[in-house]
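Chemist: Got a sequence here, can you build the structure:
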Amino acid sequence: MKKKLKIGWFSFSCCEDSTILFTELLNDHFIEWSKVIEFQHIRILRKSNKLKGLDVAFVEGAIASKSDALKLKEIRDNSKKLVAIGSCAINGMPSAQRNQFDPKTKKEIEFLIKRFSLSKNVKTVSDIVKIDDKVPGCPMNEEVFLKLINKYLKDFNII
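Modeler: Residues are numbered from 1 along each chain as shown. Presented below is the predicted three-dimensional model:
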């Protein structure tokens, strides 16, 4: 059996526009990618996912809660490479807007922070774990993402 790049796609606090773009890229590349990529943990594709042993984890979105941070650490522990996808993952914005609210507005949303068990501040992926690469944009820059896929296929001796 030919070796494949084991990838995962994860989404945290964001509008998931990069996930939508990734889905569109799958429409164009699925046949060629399915020969060299094992879509091991991608909830938009699979009901049953496997987190352990990922080569590359693609993480979209900002980290807005302690449970998100714990999940992100688990993803990092189970992947050889981790890529921050999109603006929210890289710089927190626009998901992290509430970090900059004035005290009055922060007081007004306090009940929501408690109700949804959110952290006081929204963090970037790199605030929590080491990242190996990033794909900027909102949605992600398609060209940069495609170059990274090809880079990792070469780095992991798949092609």
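Chemist: Every contact and neighbour count from this point should use C-alpha atoms.
Modeler: Noted.
Chemist: Only alpha carbons, please: show stretch 25-36 as PDB.
Modeler: What follows is stretch 25-36 as a C-alpha-only set of coordinates in PDB (Å, rounded to 0.1, in the frame of the first residue of the first chain):
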ATOM      1  CA  LEU A  25     -10.600  22.900  -3.400                       C
ATOM      2  CA  LEU A  26     -11.700  19.300  -2.800                       C
ATOM      3  CA  ASN A  27     -14.100  19.600  -5.600                       C
ATOM      4  CA  ASP A  28     -11.200  20.400  -7.900                       C
ATOM      5  CA  HIS A  29      -8.500  18.200  -6.500                       C
ATOM      6  CA  PHE A  30     -10.100  15.300  -4.700                       C
ATOM      7  CA  ILE A  31      -9.300  12.600  -7.300                       C
ATOM      8  CA  GLU A  32      -5.600  13.500  -7.400                       C
ATOM      9  CA  TRP A  33      -5.400  14.200  -3.600                       C
ATOM     10  CA  SER A  34      -7.100  10.900  -2.700                       C
ATOM     11  CA  LYS A  35      -4.200   9.000  -4.200                       C
ATOM     12  CA  VAL A  36      -1.600  10.800  -2.000                       C
END
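Chemist: Next, the buried residues of it.
Modeler: Of the residues in stretch 25-36, those with enough neighbours to count as buried (16 or more other CA atoms under 10 Å) are V36.
Chemist: quick one: contacts of it?
Modeler: Contacts made with stretch 25-36 from outside it, assessed by CA atoms under 8 Å, 6 or more residues apart in numbering, are listed as 3-5, 153, 158-159.
Chemist: again, 7 Å this time
Modeler: Taking CA atoms under 7 Å, 6 or more residues apart in numbering as the criterion, the residues outside stretch 25-36 that touch it are 4-5, 158.
Chemist: Quick check on those residues: which are buried?
Modeler: So, by 16+ other CA under 10 Å, the buried ones in the contacts of stretch 25-36 are 4-5.
Chemist: which one of the contacts of stretch 25-36 is nearest I113?
Modeler: Of all the contacts of stretch 25-36, I113 sits closest to L5, with 38.3 Å by CA to CA.
Chemist: in this protein, which ranges drop under the pLDDT threshold?
Modeler: Counting by pLDDT under 70, the low-confidence segments of the chain come to 1.
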